[in-house]
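K.L.:
this is a predicted model, with the sequence first.
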Amino acid sequence: MSSRNKAYVFLLLTTVIWGIASPVIKYTLEFISPFAFLFWRFLLTCLILTPILLVYIKKKKIKLSFSKFIKLGSLGLLGITFSLSLLFVGYNYTTAIDGILISSMSPLIVIIGGGLLLKEEVTRREKTGSLIAFLGTIVTVIQPLLEGQALALQNIKGNFLILLSAIAWAAYCLLIKKVETRDKNDPLVVTSIGFIVGFFSIIPLFLLEAVKLNTPLTLPSLPSLPGIVYMSLFSSIIAFLTYNMGYALIEASEATLFDYLRPVFAAPLAVLWLNEALTLPFLTGAFLITLGVVITEYRKSPIKQLNLAENTL
């Protein structure tokens with residue numbers, strides 16, 4: 001199997017897992033607070049990943065210098081601690097459908113950022129499509145206000161936090177691509193260090209939340225355990241590994257195209273499981289984002305695509 005096809009398999013698996021994760025997060029937040037959710041998720045993830053990492057480093061004779069650990073740890077703070085904190089707090093205020101649609105803006109941000117940071121080509125068509133999709137995102141963010149919801153401002157706050165999370169994730173994608181291209185870092189090492197740093201950095205936020213909510217530091221409730229296990233085992237370990245493995249094999253702008261598929265898996269679950277509704281403002285925002293994506297990703301020349309694929313085999 002070619003490197004490109006391997007990347008497609010890895011990224012499609014990631015997309016399915018992260019698409020399902022959106023309704024899982026929203027449902028689980030009914031039984032646990034956001035930073036408590038992240039704390040237990042990261043703890044379980046680290047308990048699984050740390051021994052695997054130590055054995056792997058020894059077996060592969062990987063040299064992990066202090067400077068490299070700091071560099072990868074800093075990326076982990078951005079892509080894991082900061083991005084996921086914004087995401088989980090945002091989901092505490094808004095719907096799974098809105099959240100997954102707003103998160104789909106990340107690839108478009110990556111396309112523009114790829115041109116600025118990685119010197120990847122950004123065409124006029126891509127700029128136009130990104131602008132249209134951005135307008136769709138704005139409609140989605142203010143959707144609760146357009147619908148006259150009783151908790152409109154609260155929902156808009158959640159949508160805005162998820163948009164900030166998408167921007168932080170896009171920045172992480174670009175920086176990790178740049179680092180991996182230059183330093184050839186192993187995906188397992190990148191993923192493990194990111195979550196180890198994420199765990200220790202989330203502890204003070206977890207403690208501050210417990211003080212603010214005046215809640216005792218106890219084990220998570222039984223109804224929250226399936227969500228914690230899913231987010232730890234599948235969404236953290238498996239999905240981050242497959243994402244980094246796929247991301248290392250193809251261009252940043254192409255790898256993130258798979259993010260557009262997440263609503264395909266998230267929306268049906270949100271409607272059937274969480275009883276969320278597909279309203280006219282939501283559909284308007286979804287249409288604009290979809291139109292922007294189609295315009296952005298349309299390729300006029302199949303020959304250009306073929307040459308690009310051949311050059312990356």
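P.N.:
Structure's in. What do you need? Residues are numbered from 1 along each chain as shown.
K.L.:
which residues are in contact with Ile162?
P.N.:
Contacts for Ile162 were tallied using CB atoms under 8 Å, 6 or more residues apart in numbering; they are Leu86, Leu87, Gly90, Tyr91, Thr94, Asp98, Gly99, Ile102, Ser103. Using the backbone N, CA and C atoms, a C-beta is placed for each residue, glycine as well.
K.L.:
again, but for Gly113
P.N.:
Contact partners of Gly113, counting by CB under 8 Å, 6+ apart, are Ala170, Ala171, Leu174.
K.L.:
wait, Arg4 touches Gly246, no?
P.N.:
No: checked against CB atoms under 8 Å, the pair Arg4 and Gly246 is beyond contact range at 9.8 Å.
K.L.:
neighbour-wise, which of the two wins?
P.N.:
Regarding Arg4 and Gly246, a neighbour count based on other CB atoms under 10 Å identifies Gly246 as having more, with 24 against 16.
K.L.:
and the closest residue to that one other than its chain neighbours, how far is that from Ser103?
P.N.:
Spatial nearest neighbour of Gly246, chain neighbours left out: Phe10 (3.3 Å); criterion: CB to CB, 6 or more residues apart in numbering. With the distance defined as CB to CB, to the nearest Å, Phe10 ends up 19 Å from Ser103.
K.L.:
what's the answer for Leu188, then?
P.N.:
Distance from Leu188 to Ser103, counting by CB to CB: 25 Å.
K.L.:
and these two? Which one has more around it.
P.N.:
Set side by side, Leu188 and Ser103 give different neighbour counts by other CB under 10 Å, the larger being at Ser103 (23 against 20).
K.L.:
which pLDDT value goes with the closest residue to the more buried one other than its chain neighbours?
P.N.:
The spatial neighbour of Ser103 that comes closest, neighbours along the chain excluded (CB to CB, 6+ apart), is Ala166 at 5.1 Å. As predicted, Ala166 sits at a pLDDT of 89.
K.L.:
the residue nearest to Gly246 reaches Ile250, doesn't it?
P.N.:
No: in terms of CB under 8 Å, Phe10 does not count as a neighbour of Ile250; the distance is 9.8 Å.
K.L.:
any weak-confidence spans in the stretch 201-313 of the chain?
P.N.:
Judged by pLDDT under 70, the stretch 201-313 of the chain has its weakly predicted residues at 252-254, 256-257, 296-313.
K.L.:
what about the residue nearest to Gly246, how many residues nearby?
P.N.:
Phe10 is flanked by 24 other residues according to other CB under 10 Å.
K.L.:
and Ile238, by the same measure?
P.N.:
Counted by other CB under 10 Å, the residues lying close to Ile238 total 15.
K.L.:
mind listing what it touches?
P.N.:
If you count contacts by CB under 8 Å, 6+ apart, Ile238 has them with Leu13, Ile17.
K.L.:
can you pull the contacts of the residue nearest to Ser103?
P.N.:
Contacts of Ala166 were listed using CB under 8 Å, 6+ apart, and they are Ile102, Ser103, Ser104, Met105, Ser106, Ile109.
K.L.:
Ile176 touches Asn244, doesn't it?
P.N.:
Yes: contact criterion CB under 8 Å: Ile176 and Asn244 qualify, at 7.2 Å.
K.L.:
what touches both of the two?
P.N.:
Between them, Ile176 and Asn244 share the neighbouring residues Val190, with contact defined by CB under 8 Å, 6+ apart.
K.L.:
Ala133 - nearest residue in space that isn't next to it in sequence?
P.N.:
In space, not counting the residues next to it along the chain, Ala133 is nearest to Gly292; the distance is 2.7 Å by CB to CB, 6+ apart.
K.L.:
how close does that neighbour sit to Ile32?
P.N.:
Gly292 is 35 Å from Ile32, where distance means CB to CB.
K.L.:
just give me how far stretch 34-41 sits from the chain centre.
P.N.:
For stretch 34-41, the separation from the chain centroid amounts to 16 Å (computed by CA atoms, centre = their mean, to the nearest Å).
K.L.:
contacts for it?
P.N.:
The set of residues that contact stretch 34-41 without belonging to it, under CB under 8 Å, 6+ apart, is 25, 28-29, 32, 84-85, 88-89, 91-92, 199, 202-203, 205-206, 208-210, 215, 220, 224, 227-228, 231-232, 236.
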